[in-house]
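# Sequence plus the predicted model coming up.
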Amino acid sequence: MTNIPPLPQIVIEPMVRRALEEDFGTAGDLTANLLVPETATATLYFKSRGTGVVSGLQAAILTFALVDPDVHFETFYPDGSRVRKGTIIASVEGPMRALLMAERTALNFMGRMSGIATLTAKFVAKVAPHDVRIAATRKTTPGLRALEKRAVLHGGGHTHRGSLSDAIMVKDNHIALAGGVDKAVRAVMAGADHMAKVSVEVDTVTQFKKVLKHRPDVILLDNMSLDALRECVALNKSKTTLEASGGVNMRTVANIAATGVDVISIGALTHSVMNFDIGLDAG
């Protein structure tokens, strides 16, 4: 299990509140209010229906707390834990109406984030023989980036930029608007704050050679062939961090890692992931 500290509550509470407001509509849970006595209580269990990595518990806990502070949430396998099918991850005990009202929102958070953590762990396992990082991108669900990035960490990956203000990243459109690679790189290297890292995206070895002489912190090798990646690694001689991106999947990631790059960034970790199946049941 990875030892990742929780997010500050102030960061995730707006996400959870929005999700609950969306689910409650204008009148709350009509079904539970009609069928469940106001004084009824119960204990329900979060149970894994597959094998993977848990994430999203922090949001799930806050979901129940916001619906009813009298709900008791007990965690058996914290975020970052690897679980098998049938594992009881956590339990909730309290007023039955509150449990039913919070159920879907909590499961949505846990299913989404555990899916991201599980997929990330699979990619990390594929590149285990190599000294390379698996990183996410900004291709996240709007409004959920902090939780999705945290899920990548739970799966053993790294998060890349959290926002546009985290680092300077010169991409193809920037280069085109600046009038070429040299002009773009010179401009950002001259104007960048001394605390801001600079990354430059290239898609040919020729471009790479032009950028390398400026010694940015990171050069992103976009959609390059394996031969081109190897050539860039050889030319680099560990002068700067090399990041490979584009065309990365379970079939290609190990070969990309073997070229000697330092980082492999994968948008699919967050934009194409399947939910991890978790149920909330009475026993």
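Sure, I can see it.

# Do a quick rundown of the strands in the stretch 151-283 of the chain.
Under the criterion DSSP state E, counting those that start in this stretch, strands of the stretch 151-283 of the chain are mapped to 168-170, 198-202, 218-222, 241-245, 263-265, 278-281.

# Of all the ones you listed, which one is nearest residue 32?
When these are compared by Cβ to Cβ, strand 278-281 sits nearest residue 32, at 13.8 Å. All C-beta atoms are positioned from the backbone trio N, CA, C, and that covers glycine.

# Summarise which helices and strands the closest one is packed against.
strand 41-48, helix 96-126 (3 or more Cβ pairs under 8 Å, 6 or more residues apart in numbering; DSSP states H and E).

# Buried deepest among the ones you listed, which one?
For those, the largest average neighbour count (mean count of other Cβ atoms under 10 Å) is found in helix 96-126, namely a mean of 23.

# how far out from the middle of the chain is that one?
12 Å (Cα atoms, centre = their mean, to the nearest Å).

# going on from that helix, what's the next piece of helix or strand?
Under the assignment DSSP states H and E, the closest C-terminal helix or strand after helix 96-126 is strand 133-135.

# Which strands or helices does that next one pack on?
Secondary elements touching strand 133-135 (3+ Cβ pairs under 8 Å, 6+ apart): helix 96-126, strand 263-265.

# average pLDDT for it?
Averaging pLDDT along strand 133-135 gives 98.

# Same question for stretch 49-64.
In the prediction, stretch 49-64 has an average pLDDT of 98.

# how about it: buried residues?
Neighbour counts over stretch 49-64 (16 or more other Cβ atoms under 10 Å) mark 52-64 as buried.

# One more: stretch 72-87?
Buried, per 16+ other Cβ under 10 Å, within stretch 72-87: 73, 75, 77, 78, 79, 80, 81, 83, 87.

# Please apply the same query to stretch 207-216.
By 16+ other Cβ under 10 Å, the buried positions in stretch 207-216 come out as 207, 208, 210, 211, 212, 214, 216.

# pLDDT added to those residues, as TSV?
Below are those laid out as TSV (pLDDT from 0 to 100):
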residue	pLDDT
207	94
208	96
210	93
211	95
212	95
214	92
216	94
